[in-house]
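Student: Starting from these lines, generate the structure:
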Amino acid sequence: MVNGFMGKSARVIMYLLSEAWKKPVSQKQIVEATGLSKGLVSRIMSWLIAKGVVKRPYRTRFVLEYPEKLLIDWIGQRDIGLKNAYFVDDAAILKRLKHTHTLFSGAWLDSGYLRNDITTVYVNKDFLPTPAMRAVEGKVADFKTKIVLIPAEDEFNFYAERKLKGGNVVNPFLLYVDLASLGGMGLTALQQVAEKHRLPQILNE
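Tutor: Numbers count the residues shown, from 1 in each chain. Below is the predicted model:
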């Protein structure tokens, strides 16, 4: 049984949220954008149709009919707080790494959420620190230092990133899911992101 929220399959979820919100897209477009096989995309789309979030109004095209439900379901499958992270003290390291903001620094850049001194970013999934970085390994929710480097589980984490206030920020749907799955302080920041992008106000549901 395919699970569209896991591994590379999540590329389809991110693509649909970014490109197919009430707008038809073809399977060919999805395959080309995500780099997944036609067979896998077909299975994921059938799974999403069975979940009732995607409709197929035309033989070869799909529409994300209920993006809010898809987002809520995705949150239930994700816990970013348990993901591996590297904690470093020197912010200059960000100038040398491909990165995109998520969680608290992402929420501030995206929606003006009260800025704090924690910078949380995705870096290349193959990232490994050098001894000179003096990095401490742990889980995202540990917040051992002010700079939190989160190896992306997939390069598609950078899909539809945005340049805001001089920094790259993940697409608003991934930012929303990350904040919601973190809980705690993340839920406060989530309200600002949800209001800006008209996403579900899950604190009130």
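Student: What separation do you get for residue 45 and residue 27?
Tutor: According to CB to CB, to the nearest Å, residue 45 stands 7 Å off from residue 27. From N, CA and C alone the C-beta is placed, and that goes for glycine too.
Student: Return every residue with contacts to both of those two.
Tutor: residue 62 (CB atoms under 8 Å, 6 or more residues apart in numbering).
Student: Give the residue from these two that has the larger number of neighbours.
Tutor: Neighbours per residue (other CB atoms under 10 Å) separate residue 45 from residue 27, with residue 45 holding more: 19 against 15.
Student: Could I get the contacting residues of the more buried one?
Tutor: Applying CB under 8 Å, 6+ apart, we find residue 45 in contact with 12, 27, 30, 54, 56, 62.
Student: rerun at 10 Å
Tutor: Residue 45 is in contact with 2, 4, 12, 16, 27, 30, 54, 56, 62, counting by CB atoms under 10 Å, 6 or more residues apart in numbering.
Student: Ok, residue 87 next?
Tutor: Residues counted as contacts of residue 87 (CB under 10 Å, 6+ apart) are 129, 133-138, 140, 142-149.
Student: My reading is that it lies in a helix. Confirm?
Tutor: No: under DSSP: H, G, I helix; E, B strand; the rest coil, residue 87 falls outside any helix and is assigned strand.
Student: Please name the bridge partners of it.
Tutor: Going by DSSP bridges, residue 87 is paired in beta bridges with residue 136, residue 148.
Student: Report the central residue of this protein.
Tutor: residue 174 (2.4 Å; CA atoms, centre = their mean).
Student: can I assume that one is in contact with residue 11?
Tutor: No: using CB atoms under 10 Å, residue 174 makes no contact with residue 11, being 11.2 Å away.
Student: Quick check: neighbours shared by those two?
Tutor: In terms of CB under 10 Å, 6+ apart, residue 174 and residue 11 are both contacted by the residues 156-157, 159.
Student: List the ones among those that fall in helices.
Tutor: Secondary structure from DSSP state H places none of these in helices.
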